[in-house]
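Participant: Got a predicted model here, sequence first, then my questions.
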Amino acid sequence: MSKVILEVNELTTKYITRFREDIYAVDHVSLKVEDGKSIGIAGESGCGKSTLALSLMGYYFPPLHYSSGEIIVDGRNITGMNPDNVRKTILGNEISYIPQAAMNALNPTQKVIRFIEDVIQAHNPRVTRQEIYELARERFELLGLPADVLQKYSVELSGGMKQRTVIATSVILSPKVLIADEPSSALDVTSQKMVIKMILDLMEKGIIKSLIFITHELPLLYNVTDDIMVMYAGQIVERGSADEVVFDPIHPYSKALMGSIIVPEAGLRDVKLTAIPGTPPNLKNPPAGCRFAARCKFAMPECQAISVNLRDTGGGRTYRCIIPEEDLRKAYENES
Amino acid sequence: MKHLLGQIFRSGKFLFGFVIFMIIMLTVLIYPLLVEYPPLKTISRGTFLPPGIYVNVYDSMTFSESYTLILDNAATKRIASKLNAEDRQAMKEWLVIGAELPEDEIDVDDTAKLIDLWTTNFDPTVRLPGMTNADRNYYIRLTASLDGLLATEGATVAVANEDTGVLEEKYVIDQTTYVNVGEVPNVRVLPLGTDNFGRDVLTELIKAISVSLTIGFVAGTVATTIGLILGLVSGYIGGIVDDLIMFITNLFTVIPSIILLILISFSIGQEKRGAFTIAVVIGFTSWVWTARAVRAQVISLRNRDHVNLSKLSGHSIIHILAMDILPYIASYVVMALILQISSGILAEAGLSILGLGPRTTEVPTLGLMLNWALIYQAPLLGKWWAYFPVILIIALIAFSMNLMNTGLDQVFNPALRD
Amino acid sequence: MKEYRNYFFKKLGWFAVTLVAAFILNFILPRLMPADPVAAIVARMAQGQTDATGVQAIYEQYIELFATDKPMVEQFVIYVQNVLRGDFGYSIAEYPRTVNDVIRSSIGWTIALQFPAIIVGWVLGNTLGALAAYLKGNFDRLLMPLSIFLSNIPAFGMAIIMLVIFAVELKWFPVSGGYGYDMIPNNSPEFVWSVIVHYQLPFWSIVLITIGGQAIGMRSMAIYELNADYVKYARFLGIKDRKIIQYVFRNAMLPQITGLALSIGTMVGGALFAEIIFSYPGIGTTLLTASLGGDYPLISASTLIITIMTLIAVFALEILYGFIDPRVKAAQAE
């Protein structure tokens, strides 16, 4: 078994609203990423996956607050660390981040190289500008980006180029973990592929050791990450290898999510397209029982009352439902 | 609609602004019903009578019941009103320097002795070193006011006999004689005194507010209408029409509108400048911001599905603008109108200060009142009641309208709520 | 650099066209009015209603300068020629001084007063607004209502209030003029001191009215920028807050420059009233004299000069803006 790079145990974070209400957007989430492995997190928008991305970095600013659990990076628990210290030693350095809206992620009035200088000098003030330039040029060229991008302002770059610049900037310090939050969702299909290829390249070329890839398009994760976790209303509802979760989902929500998406990949196209009726529950007052019960086709009366824990199938997969695996599979067969 | 109104009135800023504005409006509407003085009638001889209650002296002596009140501090108050601490100190200074009296012999609190020393020693012809003319006049005035200050007997009122012309004593008014103000037939309350022409400032001000609000409203309506039409046309039609309109808009944005106003008002000439004309002229020079805002909104709307659908159904441009676009920008137009009204009031005031406001014979406006106060140097003379209430009202109107506008903005653009 | 040159020439072209339009407006507006002041004055003089000194001279000048007996187009050509030569004829209110002379003696005062005051007000307002956005809390709660209040006091109102408080009541500063009324302009320290003392009240009243609006604008701009995506991204790459604040304020300040260019006309208009209230010897006071004296040549020349000054200020700001905001260059490259 290879080394664990990032281990998250029962992490819970909350938003505190203006009216002092607590909203638990990430609820007891655990995960483990090993060296050289990647994990995908999928779910509808508003399920808490972007909040999970922010929470995983161990640095919180209002309205998001840490509640409980631990984040262990390379053997170091960062949840107990001083926030300024986290910012200085962990962010960008150990864990890095590709934001959802990469289009606006770069300061419009700053040249790319100036920003990279700021990033590097925030962690190591002694590096000279010349060294930074050499490093950045090398890194950009390694990732197939022209070096003259460094001397441009973000407004002078095209959408795809901006996205790739952001990716290259995010990994400039060769972080151990890279968290990518919907890095491709705003792009056209060609750029999407380019971005995904670039992120996979980062793993291959050893720039990053592990990857967490977040998206609302479950099928997109197929061929991209090793494992997939499906998230619903702040909780993980299913986890397994990419193949298994995409082609053989157990949880009714994963099943429904597969059906609700227009899939570009050949071979996935025959999956029936159905939208999931209803909306996710209000996390201000989450339901007592299963959070998906209200929208679940297979829900039973007790689903509303009994809260379920993740259960193990024995084959390295977990899911969160009181209905046994076999019964669910039978129900899916009857459906189609 | 009901829901929207509810939301608007729940906005604290809007409500606060609305309340201020309503108080002003209600005052303007109700005051003339209660007080029917003509606003521009000269009622006083002499200018800038200070605010207060004016009691007719003749009436209080002859027509009113007189009462006797024995009040301990009446004499002290009477003396203090003529001779305050500052005057006493000034007298002491003169006596020490001018009459070379020893300083410790003069007790400023012993009024009788002080006045006695003063009357025996003061010589108006003596010039002290460093004494200005103003100082000398002050001492002469002071001396005059001391006359009879310590008298204890009453004043006698005498009337000339109709036949002989000889003065005959009628009454003696004791120092303890009082009248009840309620029983005096002629009492005029001038809460803000009178202005340079001797007119009741409060009555004039109320009238001026209503005229200025009307000017603001007319100017605002004209400006909003022009801005709305230009913005709609420019934003919706686009192309060369848009370029042309935007050129004109940019031109009028950079040229100070007050400059155009000055030039036009001056050219119209004094005789032809009525309040309404001024209002329309203000409207014609202040539509640019509305045009800009409306255009930006229309551009973001013109490719919406419902507009395209309407186009496909063969509706005319006017129909589309009126039915499919206008409802969506109505809130902006209302906000623009509010701002235009307050800037119209300001523009009128500015013009009037320059003497280019409405001609002065018929009605007062806030600007004209300021103009008169400035010409007669009210600020330098310390006649605050002639200008300060006017400035305060202008600022309050602008403030309330701005608050309402900000409140509306927050309701219509939730992103601005923090 | 090529993009910037494009931008520069575009703006220069716009400046030239606007200038021409301003000339035309200044010429045509008075003549469109029902009581054309030129005609009115000429008629008044021709009838010999006024018989003060120099009336004949003014009258003859009029006919020559404005060529009122010729067609409109020809009048315009003559007008432009005269303006280019700086010849605006005699002032009626200040005869026998020429308009040129009156304007020349007042324009320096106006530039020296308004230019620094608007810049200082802009800088102070932006600093306060940025601080309010960054510090929030009590500073913000105190500053914002104050700024809203300040921005709602009309320019003349502010000037009158300052005049009454600091000149009439406290007597810290003189009530009017640009220097002591008993002085003759020279280089002596007394004169310079007198100019400085007379400068304070008009200056600060313009600064104060400028601060309010600028602070409000900067605060909302900075709050908007503080929530921008690039701020979040920079934070998650470990960049210090102090550095991020620099990004934010630079970006929030740039639109404020455009804002200044757009509102400088209004500001200049307001500042003229500060001059009038303090009888400062600038163009504002000249306008008042001209208006009260029915002095058409002086009004026309003053308004033209103010317009041109404003246009130059706007042009300068836009050139500066194009220089410091890379987004402008990018827009030109497309």
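Facilitator: Thanks, I have the structure now. Residues are numbered from 1 along each chain as shown, chains lettered A, B, ... in the order given.

Participant: Spell out the secondary structure type for residue B:158.
Facilitator: Under DSSP: H, G, I helix; E, B strand; the rest coil, the three-state class of residue B:158 is strand.

Participant: With adjacent residues omitted, what lies nearest to it?
Facilitator: residue B:167 (4.1 Å; C-beta to C-beta, 6 or more residues apart in numbering or on different chains). In short, each C-beta sits where N, CA and C put it, glycine included.

Participant: Do you have the helices of the stretch 301-418 of chain B handy? List them.
Facilitator: Taking DSSP state H, counting those that start in this stretch as the test, the helices found in the stretch 301-418 of chain B are B:305-312, B:317-319, B:326-353, B:366-375, B:378-381, B:384-412.

Participant: Can you point out the buried residues in the last one?
Facilitator: Yep, that's helix B:384-412 we're talking about. B:384-391, B:393-412 (16 or more other C-beta atoms under 10 Å in any protein chain shown).

Participant: so what does whatever helix or strand residue B:297 lives in touch, helix or strand wise?
Facilitator: In this structure, residue B:297 sits in helix B:288-301 according to DSSP states H and E. Contact here means 3 or more C-beta pairs under 8 Å, 6 or more residues apart in numbering or on different chains; DSSP states H and E; on that basis helix B:288-301 packs against helix B:201-237, helix B:239-254, helix B:326-353.

Participant: same question for the longest one, mean pLDDT?
Facilitator: If I follow you right, that is helix B:201-237. Average pLDDT, helix B:201-237: 93.

Participant: Next, the angle from it to helix B:366-375.
Facilitator: 130 degrees (axes from the mean of the first three to the mean of the last three C-alpha atoms, to 10 degrees).

Participant: repeat for the second one
Facilitator: Orientation check (the same axes, to 10 degrees): helix B:239-254 against helix B:366-375 gives 30 degrees.

Participant: Any residue of helix B:239-254 touching chain C?
Facilitator: Yes: on the criterion C-beta under 8 Å from any C-beta of the partner chain, helix B:239-254 is in touch with chain C at B:247, B:250-251, B:253-254.

Participant: if I read this right, the residue nearest to residue B:158 contacts residue B:156, doesn't it?
Facilitator: No: contact criterion C-beta atoms under 8 Å: residue B:167 and residue B:156 do not qualify, at 9.4 Å.

Participant: Can you check what angle separates the host helix or strand of residue C:16 from helix B:239-254?
Facilitator: Under the criterion of DSSP H and E, residue C:16 resides in helix C:2-32. In terms of direction (the same axes, to 10 degrees), helix C:2-32 departs from helix B:239-254 by 80 degrees.

Participant: Just the buried positions in the host helix or strand of residue A:334, please.
Facilitator: Assigned by DSSP H and E, residue A:334 belongs to helix A:325-335. For helix A:325-335, burial by neighbour count (16+ other C-beta under 10 Å) applies to A:325, A:328, A:332.

Participant: wait, isn't the last one in contact with residue A:255?
Facilitator: By that I understand residue A:332. Yes: using C-beta under 8 Å, residue A:332 makes contact with residue A:255 at a distance of 6.3 Å.

Participant: circling back: check contacts around the residue nearest to residue B:158.
Facilitator: Residue B:167 makes contact with B:158-161 under the criterion C-beta atoms under 8 Å, 6 or more residues apart in numbering or on different chains.

Participant: Show me where chain A has its helices.
Facilitator: A:49-56, A:83-85, A:112-123, A:129-142, A:159-170, A:189-204, A:242-247, A:252-259, A:325-335 (DSSP state H).

Participant: export those helices to TSV and tack on mean pLDDT and distance to residue C:154?
Facilitator: Formatted as TSV, these follow (pLDDT from 0 to 100; distance: least, C-beta to C-beta, whole Å):
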stretch	mean pLDDT	distance to residue C:154
helix A:49-56	85	48
helix A:83-85	82	48
helix A:112-123	88	44
helix A:129-142	88	52
helix A:159-170	86	47
helix A:189-204	84	54
helix A:242-247	82	68
helix A:252-259	78	61
helix A:325-335	78	73
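
Participant: how about these, which one is nearest chain B?
Facilitator: Set against chain B and scored by C-beta to the nearest C-beta, the helices of chain A come closest in helix A:49-56, at 19.2 Å.

Participant: How far does that closest one sit from its chain's centre?
Facilitator: 7 Å (C-alpha atoms, centre = their mean, to the nearest Å).

Participant: Can you list the low-confidence ranges for the chain?
Facilitator: All of this refers to chain A. Chain A contains residues with pLDDT under 70 at A:1, A:186, A:259-275, A:336.

Participant: that answer is for a different chain, and I need it for chain C
Facilitator: C:1, C:33-69, C:95, C:329-334.

Participant: which parts of it sit against chain A?
Facilitator: Going by C-beta under 8 Å from any C-beta, the residues of chain C near chain A are C:228-230, C:232-240, C:243, C:247, C:250-251, C:254, C:325-327, C:329-331, C:333.

Participant: Report the central residue of chain C.
Facilitator: Among the residues of chain C, the one closest to the centroid is residue C:268, at 2.5 Å (C-alpha atoms, centre = their mean).
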